[in-house]
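> could you work out the structure for the sequence below:
(one chain, ligands or ions: 2)
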Amino acid sequence: EGLGPTVTVGEILVEIMATTVGAGFLAPQPLVGPFASGAPAIFIDQVARFGGAAGIVAAVGADDFGTLNVERLRADGVDVSAIAVIPGKPTGSAFVRYRADGSRDFVYNIAHSAAGDTTMTNAARALIARAGHVHVMGSAFAIRGIGDLLLEAVASVRARGGSVSFDPNIRKELAQDGEGRKLVDDMLAVTDLLLPSGDELLVAAREATEEAAVERLLGLGIGEVVLKRGSAGSSHFSRDSGRIDCPAFAVEEIDPTGAGDCFGATYLTGRRAGLPPAHALLYANAAGACAVNRQGPMEGVSSRQALDQFIAAAGREVGA
Ligand code: ATP
Ligand code: MG
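Ligands and ions are numbered 1, 2, ... in the order given. Sure thing, here's the model as predicted:
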C-alpha cells in the first residue's frame, strides 16, 4: 500500500429529515436539519475519525449548507483543499421522510446543485497526486462527466502502486446497460476491494447466486469482496481466506442512512493500517451498528477508541 491519503470523489449534501413517520412531503410538517451528508462525505469523514489520512474531491455552494459540511469535515481531520466552492449554485440537499414500512421518500437537489459541477480542478489533481488509495462511490455516477475524473484518479493512484475500493451503490436505473453500467464494469476491472450491499453483489457480477457472483468477481482480480447484509452482519470473501462471516451487533436501528458508508470506511482504513480481514471486519460491523443507532447520516461516525469500547461492551472479540 502507498502511504498517501485515502481520497474519494463525489456529492456533498445536507439532509433535512421529517420528524414523523408517514408518506412524503405533501403537507407542512416538522423537520430537523440540516445534517452534513452525501455518501462520499460520510465515508471520508469515517476514514478520518478512525485515524486514516483522508481527502475528498467535491463541490459545494457559497452558502451555509456548504460551510456546515466543509467545517465539519475539516474539524474531523479530512483534507478539504479539493472541495470547490461554485458561485451561483446552491449546495446539494436531500429531504427525507421514512414510511411506516421503513422505505423512504426523497426530494433531491443534487444534479442541479454545486455537486453537479464536480470537476478535475488543480486542487483535485494535487490531492490525487498524493493519494495512496481511491475509494469510488457509485452514488457519484449521477454527476455528469464524473466517469473521466474517476478513471483519471484511479489510473494515477494505481500507477504509483496504490489501491482502489468500490462501493457500487447500484441504483435500479443504473443497473441496466448503458453509461452507468459501463462505468460499473470499468471500475470492477480495477478494484482491489469491493463493498456491495445485498443484491448489488448479484447485479455487479450478473450472476444469480452469491457463490457464483463471488467466484466471478474474485476471478476478475478483485482481491477482497466484503458483502454488507444490514442487520444480518457481513461476509468477507477472498482467495486467501475463503469466507469469513461476522454477525451484526444488536442495536436499535434509529436511522440506517450512512451505515454502509461507515462500515466500508472502517473496513478499508483498518486494512490500510495493517489489520487482518477478520479484525477489520469486526471494527466495520461495529461502525455500521453505531451509525444506525444515531439520527443523522453523518452523526453516527465513530473514532477507533469509541469502537474499541463498543466492541468490548458487547463482549465481542475477533473470531467471536
Ligand atoms: P446504506 O443504507 O448506508 O446504503 P448499505 O446498504 O450499504 O447501507 P447495510 O448492510 O445496510 O449497508 O449496513 C452496513 C453494515 O452496518 C452491516 O453490514 C452491519 O454490520 C451494520 N448494520 C446495518 N444495519 C444494522 C442494524 N440494524 N443493526 C446492527 N448493525 C447493522
Ligand atoms: Mg442498507
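> quick one: the helices in the stretch 101-250 of the chain?
122-130, 146-159, 172-175, 179-188, 200-205, 210-219 (DSSP state H, counting those that start in this stretch).
> what's the first one packed up against?
Applying 3 or more C-beta pairs under 8 Å, 6 or more residues apart in numbering; DSSP states H and E, one finds that helix 122-130 contacts strand 6-9, strand 54-61, helix 146-159. Where you see a C-beta, it was placed from the backbone N, CA and C, and this is true even at glycine.
> so Ala59 touches Val9, yeah?
No - counting by C-beta atoms under 8 Å, Ala59 does not reach Val9; the two are 10.3 Å apart.
> what do these two both touch?
Common contacts of Ala59 and Val9, defined by C-beta atoms under 8 Å, 6 or more residues apart in numbering, comprise Thr118.
> is stretch 296-310 anywhere near ligand 1?
No - using C-beta under 6 Å from any ligand atom, stretch 296-310 stays clear of ligand 1, coming no nearer than 8.0 Å.
> now swap in stretch 260-271 and tell me
Yes - applying C-beta under 6 Å from any ligand atom, one finds stretch 260-271 in contact with ligand 1 at Gly260, Asp261, Phe263.
> from the middle of its chain, how far away would that stretch be?
8 Å (C-alpha atoms, centre = their mean, to the nearest Å).
> go on, stretch 78-85?
17 Å.
> how long is that stretch end to end?
16 Å (C-alpha to C-alpha, to the nearest Å).
> get me the contact residues on the stretch 51-200 of the chain for ligand 1.
Ser197.
> pLDDT below threshold where in the stretch 51-200 of the chain?
171-177 (pLDDT under 70).
> please name the nearest non-neighbouring residue to the residue of it found nearest ligand 1.
The stretch 51-200 of the chain approaches ligand 1 most closely through Ser197 (3.4 Å), counting by C-beta to the nearest ligand atom. Distance criterion C-beta to C-beta, 6 or more residues apart in numbering; nearest residue to Ser197, sequence neighbours excluded, is Lys228 at 3.8 Å.
> for the one you found, give the beta-bridge partners.
Ser197, Ser234 (DSSP bridges).
> how about it, what does it touch?
Leu195, Pro196, Ser197, Gly198, Ser234, Ala259, Gly260, Phe263, Gly264, Gly288 are the contacts of Lys228 under C-beta under 8 Å, 6+ apart.
> okay, it and Thr91: tell me how far apart.
As judged by C-beta to C-beta, to the nearest Å, Lys228 and Thr91 stand 28 Å apart.
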